[in-house]
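Undergrad: got a sequence here, can you build the structure:
(chains A and B)
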Amino acid sequence: QVHLLESGGGVVQPGKSLTLSCAASGFTFSSYPMSWVRLAPGKGLEWVAGVSYDGSYKSYADSVKGRFTVSRDDSAKSLSLHMESLRVEDTAIYYCARGSPVWAVYYYYVDVWGEGTTVTVS
Amino acid sequence: IVLTQSPGTLSLSPGERATLSCRASERVSAEQLAWYQQKPGQAPRLLIYGASRRATGIPDTFSGSGSETEFTLTISRVEPADCAVYYCLQYGSPPFSFGQGTKLE
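TA: Reported below is the predicted structural model:
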């Protein structure tokens, strides 16, 4: 079945860097756009970053633009989020999420979610 | 695009109808709006996409409607298992954005 497994979360000091990874299985990873979404304590969902199915288009929330970089490795069926200059307000559960429909470049909704990995900036 | 959801909290009795609103600051093109349900400690679950299309496995008690800047999620008869926070997401204009959520009690 379709499965997304995040890893790489932990406790990090403000200003430091951290890279999250997401291992995908159960579907043709290279055909789908992918995203990262986060849930901060006591807050609502926030869309963080996304990449088109072919890697040609990436977009970022204003709150992370210039600090976070999303990338994909289709051969490894893996999605990454490299986070730099971390701030206390980046503390959250980070979800890896599959987009739909297939072959979408610019416009896609999230249809499958991982269980999340927790990042604490303190 | 900024999405504003109302009410913040909705308290109902089993069997009642729930109406959740999502208002966009700009027109959402091609009705590219989705709804999600999230329970504590769980990942979100897709309910509706394309403003009105039910996702696979979602019962017909959940329905979505609306266009342009006004969208609605309706649960025809709520039950205790529906207690959760509900979010709308616009995916018609990158970067995408969620509403702040409506908590259903």
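Undergrad: any idea how far residue B:91 is from the residue nearest in space to the middle of chain A?
TA: The centroid of chain A falls nearest to residue A:36 when counting by C-alpha atoms, centre = their mean (2.5 Å). Distance of residue A:36 to residue B:91, computed by C-beta to C-beta, to the nearest Å: 14 Å. C-betas here are computed from N, CA, C, even on glycine.
Undergrad: cool, and residue B:47?
TA: Counting by C-beta to C-beta - residue B:47 and residue B:91 are separated by 14 Å.
Undergrad: got it, and residue A:18?
TA: As for residue A:18, its distance to residue B:91 is 27 Å (criterion: C-beta to C-beta).
Undergrad: what parts of chain A come near chain B?
TA: By the rule C-beta under 8 Å from any C-beta of the partner chain, the part of chain A lying against chain B is A:35, A:37, A:39, A:44-47, A:50, A:59-62, A:95, A:100, A:106-116.
Undergrad: make a ChimeraX selection of whichever of these turn out to be buried.
TA: For the buried members of these, the matching ChimeraX selection, counting by 16 or more other C-beta atoms under 10 Å in any protein chain shown, is:
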select /A:35,37,39,45,46,47,50,59,60,61,95,100,107,108,109,110,111,112,113,114,116
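Undergrad: torsion angles phi and psi at the closest residue to residue A:77 other than its chain neighbours?
TA: Spatial nearest neighbour of residue A:77, excluding adjacent residues (C-beta to C-beta, 6 or more residues apart in numbering or on different chains): residue A:29 at 4.1 Å. When read as degrees, to the nearest 10, the backbone of residue A:29 gives phi -50, psi -40.
Undergrad: same question, residue B:66
TA: Torsion angles, degrees, to the nearest 10, at residue B:66: phi 120, psi 170.
Undergrad: low-confidence ranges in chain B?
TA: Applying pLDDT under 70 to chain B flags no residue at all.
Undergrad: before we move on, what SS does the most centrally placed residue in it have?
TA: The residue lying closest to the centre of chain B (C-alpha atoms, centre = their mean) is residue B:35, at 3.6 Å. Judged by DSSP: H, G, I helix; E, B strand; the rest coil, the three-state class of residue B:35 is strand.
Undergrad: and it, how far from chain A?
TA: Relative to chain A, residue B:35 is positioned 10 Å away (C-beta to the nearest C-beta, to the nearest Å).
Undergrad: how about residue B:10?
TA: From residue B:10 across to chain A, the span is 15 Å (C-beta to the nearest C-beta).
Undergrad: fine by me, thanks again.
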